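Participant: I need the structure of the sequence given here:
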Amino acid sequence: MTTTRGRAIGQGVTWMARWSLRLLLVGAGLVALGWLIGALWSVVLPVLLAIVLAALLWPPTALLLRLRFPPLAAAATVIVAGVVVLGVVIAIVSASVSGSIGQIVDSAIAGIAAITDWLSGPPLNLAQSDLDDALRQVTEQLQQSVTSIASGVITGVSGFASGVVTALLTLVLTFLFIKDGPRFLPWLIRVAGPGAGGHVAEVLRRVWRTVGEFVRTQALVSLVDAVLIGAGMLILGVPLALPLAVLTFLAGFIPIVGAIVAGALGVLVALVTNGFTTALILLVIIVAVQQIEGNVLQPILQARSLGLHAAVVLLAVTAGSTLFGIAGAFLSVPVAAAVAVVLRYIDEELIRRTSPAEPPTDEAPVEPSAGAERSPAGD
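Facilitator: Presented below is the predicted three-dimensional model:
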């Protein structure tokens, strides 16, 4: 039967309208989901952080379980050991910072004096009176902003209290996840059935494996970066080398952006305290370490790639930091990797269901019931 031109155009418009409506509904659902996450961010953030920490702490927990530790004792031992290590690191970093504050202040004062001399000399030739007037204006502006500064301090105290609550909630959730996590997938399959429950369990199992590999690999790579860059700072005599090394380790969990920010801060401290030559040498060291990380460590240590393009990673970090600040930047890549895992599973199911060789089925492969030594996602 021959289709007329008008009918063909009408069918195309109908198809476009139908899919446009579907996309609008999907977009509305995503907007609603984003609004819900923002409204419940005080709950969502501890859960996401606890999942990341549980993925990082699961290997020692699994080792204790293989040594016949009860789940409660294994989880408690790992959590207590982690808190002790974190406390020791904070104490060492605090001592290092307090011992170097005087040197940093003196160097900053000398740097300001050098800048003042440069401004008063050629080619700008600014008069000392002009510099004094500018300084007086800045001082008056600060005095007029006392109320704003005070309110900012109050807001900071409130944010600190909220951060303490979030940290405690994250710690408790992490303990519960690594203690009771292996029971979750069997319970989910039993409640939802082998159809939907099997699909969800398989997706969660893959997400857990991917996020765990990412977190552990990034932790190891970040540790190597922090040790090498920190050693370079110590050799060059840069103050605050230990705090900057710890910051480098933490920034390593934010791909691309974290390395740039941590490196720039280290170079800035070296420039203010040790001069241009030391800052340039440190910059070369940081660039060399980053090249070793990107071209040697990552390919060797990351046995299974996340399958995310660098542009996707950069966009994910940008979106996460814009929407949810530092926590969003930290969690953006694991979340993007989890979304990629879900999309890959959907693609596999579409291929399997549309393949002429196999009839479609609603069943998903379900592994035997998880034992005590399996990961929270059933690995």
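Participant: residues in contact with the most centrally placed residue in the chain?
Facilitator: The centre of the chain sits closest to Phe330, judged by CA atoms, centre = their mean, with a distance of 1.7 Å. Phe330 makes contact with Phe253, Ile254, Gly320, according to CB atoms under 8 Å, 6 or more residues apart in numbering. Glycine gets a C-beta too; all of them are placed from N, C-alpha and C.
Participant: Closest one of the residues you listed to Ala264?
Facilitator: Distance to Ala264 across the contacts of Phe330 (CB to CB) is lowest for Ile254, with 13.5 Å.
Participant: now the one helix or strand the residue nearest to the centre of the chain maps to, how far from the centre of its chain.
Facilitator: In this structure, Phe330 sits in helix 310-354 according to DSSP states H and E. Computed by CA atoms, centre = their mean, to the nearest Å, the chain-centroid distance of helix 310-354 equals 12 Å.
Participant: tell me the mean pLDDT for that helix?
Facilitator: Throughout helix 310-354, pLDDT has a mean value of 81.
Participant: neighbours around Met16, how many?
Facilitator: Using other CB atoms under 10 Å, Met16 has 10 other residues around it.
Participant: I'd like to know how far it sits from Val31.
Facilitator: 22 Å (CB to CB, to the nearest Å).
Participant: which intervals of the stretch 51-200 of the chain have sub-threshold pLDDT?
Facilitator: Applying pLDDT under 70 to the stretch 51-200 of the chain flags residues 93, 96-161.
Participant: Show me the helices in it, by range?
Facilitator: Taking DSSP state H, counting those that start in this stretch, the helices of the stretch 51-200 of the chain run over residues 71-120, 128-144, 146-180, 184-192, 196-236.
Participant: by contact count, what packs against the following helix or strand past the last one?
Facilitator: Using DSSP H and E, the helix or strand that directly follows helix 196-236 along the chain is helix 241-251. Based on contacts counted as 3 or more CB pairs under 8 Å, 6 or more residues apart in numbering; DSSP states H and E, the elements that helix 241-251 packs against are helix 71-120, helix 196-236, helix 257-274.
Participant: So what touches helix 241-251?
Facilitator: In contact with helix 241-251 (CB under 8 Å, 6+ apart) are residues 89, 92-93, 96-97, 222-223, 225-227, 229-230, 233-234, 238, 258-259, 261-263, 265-266, 269.
Participant: of those residues, buried ones?
Facilitator: Buried members of these, counted by 16 or more other CB atoms under 10 Å: 93, 96, 222, 225-226, 229-230, 233, 238, 258-259, 262-263, 265-266, 269.
Participant: residues in contact with the nearest residue to Thr322 once chain neighbours are set aside?
Facilitator: Distances taken as CB to CB, 6 or more residues apart in numbering place Gly328 nearest to Thr322, at 7.5 Å, with adjacent residues excluded. Applying CB under 8 Å, 6+ apart, we find Gly328 in contact with Ala319, Gly320, Ser321, Thr322.
Participant: And those, which of them are buried?
Facilitator: Gly320, Ser321.
Participant: possible to save the contacts of Gly328 as a markdown table with distance to Ala279?
Facilitator: Below are the contacts of Gly328 laid out as a markdown table (distance: CB to CB, whole Å):
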| residue | distance to Ala279 |
| --- | --- |
| Ala319 | 32 |
| Gly320 | 30 |
| Ser321 | 26 |
| Thr322 | 30 |
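Participant: for the contacts of Gly328, which one is nearest Asn274?
Facilitator: Distances from Asn274 to these, taken by CB to CB, are shortest for Ser321, at 30.5 Å.
Participant: Would you check that that closest one makes contact with Ala329?
Facilitator: Yes. Using CB atoms under 8 Å, Ser321 makes contact with Ala329 at a distance of 3.9 Å.
Participant: per-domain residue ranges of this structure.
Facilitator: Residue ranges for the domains of the chain, per automatic domain parsing: 41-192, 196-367.
Participant: In CSV: those, plus distance to Gln11.
Facilitator: Converted to CSV, the domains of the chain look like this (distance: least, CB to CB, whole Å):
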stretch, distance to Gln11
domain 41-192, 39
domain 196-367, 22
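Participant: Among the ones you listed, which comes closest to Ser20?
Facilitator: Nearest to Ser20 among the domains of the chain is domain 196-367 (21.3 Å), distances taken as CB to CB.
Participant: And the closest one, how far out from the chain middle?
Facilitator: 7 Å.
Participant: How about stretch 69-78?
Facilitator: On CA atoms, centre = their mean, the centre of stretch 69-78 falls 27 Å from the chain's centre.
Participant: residues making contact with it?
Facilitator: Leu57, Pro60, Thr61, Leu64, Leu65, Phe175, Ile178, Lys179, Asp180, Pro182, Ala372.
Participant: Now do the buried residues in it.
Facilitator: Phe69, Pro71, Ala74, Ala75, Ala76, Val78.
Participant: burial count for Leu30?
Facilitator: 10.
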